[in-house]
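[1] Got a predicted model here, sequence first, then my questions.
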Amino acid sequence: MVYRILFVCTGNICRSPTAEGAFRRDVLAAGLQQHIQIDSAGTHGYHIGDAPDARSIAAAAQRNIDIGGLKARRVSEADFDAFDMILAMDHGHLNHLRAMRREAHKAELRLFLDYHADARHRDVPDPYYGESRDFELVLDLVETASQGLLKAIRVKLSQSA
């Protein structure tokens, strides 16, 4: 079984590529790359084809997360069948995805921070207009949620074996 996950933010240049990179690193470390496919996209097409924001790339690199080769894309209707789970970075993204999703689509929609151990955090804040500490906060939240997500997917994979 291959489990497919899509991370979604607004323009696919800060939060969702950071989540994709952090989760990919964790999946590789766990040796599960044969069983989990990962991608990211944006709810809007502001930056299609662009690399992630340079500040996101730099902050991620300091934590051994490589996102420099990623390219922004927009969520498509086909994603709702291509992925098993689509994880929104905040409630606005989740609402946008819910409006796009048709009843027949298979993808489960959730907030990424549903997998974060601290229930006080529900939305990954947008660092785009912020400073370096805002990108660090995104990484703190994303890395913790990534571990929780990996644990949940391990359970799903073991149940399907």
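    Thanks, I have the structure now.
[2] bridging residues for the closest residue to residue 27 other than its chain neighbours?
    Among residues not flanking residue 27 along the chain, residue 36 sits closest, at 4.9 Å (C-beta to C-beta, 6 or more residues apart in numbering). In short, each C-beta sits where N, CA and C put it, glycine included. Beta-bridge partners recorded for residue 36 (DSSP bridges): residue 3.
[3] check contacts around residue 36.
    Residue 36 makes contact with 2, 3, 4, 5, 27, 153, according to C-beta atoms under 8 Å, 6 or more residues apart in numbering.
[4] Would you check that the last one makes contact with residue 3?
    Read it as residue 153. Yes - between residue 153 and residue 3 there is a contact under C-beta atoms under 8 Å: 5.6 Å.
[5] could you say which helix or strand contains residue 102?
    Using DSSP states H and E, residue 102 falls within no helix or strand.
[6] Looking at the contacts of residue 36, which one is closest to residue 95?
    Taking C-beta to C-beta as the measure, residue 95 lies nearest residue 5 of these, at 19.6 Å.
[7] on that earlier part again, could you check which of residue 153 and residue 3 has the larger neighbour count?
    The neighbour count for residue 153 versus residue 3, taken as other C-beta atoms under 10 Å, is higher for residue 153 (21 against 18).
[8] So for whichever strand or helix holds the more buried one, mean pLDDT?
    Using DSSP H and E, residue 153 sits in helix 132-160. Mean pLDDT, helix 132-160: 95.
[9] roughly how far apart are the closest residue to residue 61 other than its chain neighbours and residue 40?
    Using C-beta to C-beta, 6+ apart and skipping residues adjacent in sequence, the residue nearest residue 61 is residue 68, 7.5 Å away. Distance, residue 68 to residue 40, using C-beta to C-beta, to the nearest Å: 14 Å.
[10] okay, those two: which has more neighbours?
    For residue 68 versus residue 40, neighbours defined as other C-beta under 10 Å are more numerous around residue 40 (29 against 15).
[11] did I read that right, that one in a strand?
    Yes - according to DSSP: H, G, I helix; E, B strand; the rest coil, residue 40 belongs to a strand.
[12] Hmm, it is touching residue 10, no?
    No - checked against C-beta under 8 Å, the pair residue 40 and residue 10 is beyond contact range at 11.5 Å.
[13] If we go by neighbour counts, what in the helix or strand hosting residue 60 is buried?
    Using DSSP H and E, residue 60 maps to helix 54-61. Neighbour-count burial for helix 54-61 flags 55, 56, 57, 59, 60 (criterion: 16 or more other C-beta atoms under 10 Å).
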